[in-house]
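Asks: No sequence on hand, only this structure:
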């Protein structure tokens, strides 16, 4: 059974940093595209960042220059380094994995989410 488990969320002041991690189990995602979405209260889930084989990265415009996605294939994990956080970054962050090499807006696998709260 495939599982994606996020960690690293929490409460941080505006301007601070957090690092989210997503650990995959049940299969190896070494060559699969993986990414992060987020959902704020009362809003739709939105794309944040993704990484596809070998190391192509994609970002939502509002996080470019502040967020950085990376992967550790040896540990079957994908990370999201979030710097210069803003209150509008507050949301539940979800890890997702595609079934293949190409990133998609409808990934097949999802984690349960981790809360990120940025105070002003």
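Replies: Alright, I've got the coordinates. None of these values were measured; they are calculated from a predicted model.

Asks: what's the distance between the most centrally placed residue in the chain and residue 120?
Replies: Nearest to the mean C-alpha position of the chain, by Cα atoms, centre = their mean, lies residue 36 at 2.7 Å. Residue 36 is 23 Å from residue 120, where distance means Cβ to Cβ, to the nearest Å. Where C-beta positions appear, they are placed from N, C-alpha and C, glycine not excepted.

Asks: what's the answer for residue 85, then?
Replies: 11 Å.

Asks: Just give me the residues shared between the contact sets of those two.
Replies: Common neighbours of residue 85 and residue 120 are listed as residue 14 (criterion: Cβ atoms under 8 Å, 6 or more residues apart in numbering).

Asks: Looking at the two now, which is surrounded by more residues?
Replies: residue 85 (22 against 9; other Cβ atoms under 10 Å).

Asks: for that one, phi and psi?
Replies: phi -60, psi 150 (degrees, to the nearest 10).

Asks: Surely the residue nearest to the centre of the chain touches residue 93?
Replies: Yes. At 5.8 Å, residue 36 and residue 93 qualify as touching, with contact defined as Cβ atoms under 8 Å.

Asks: Need the overlap of contacts for the two.
Replies: Residues touching both residue 36 and residue 93 by Cβ under 8 Å, 6+ apart: 20, 48, 80.

Asks: closest to residue 55 among the residues you listed?
Replies: Comparing these against residue 55 with Cβ to Cβ places residue 80 closest, at 14.7 Å.

Asks: What's the first helix or strand after whichever strand or helix holds that closest one?
Replies: Assigned by DSSP states H and E, residue 80 belongs to strand 77-82. As assigned by DSSP H and E, the chain's next helix or strand after strand 77-82 is strand 91-97.
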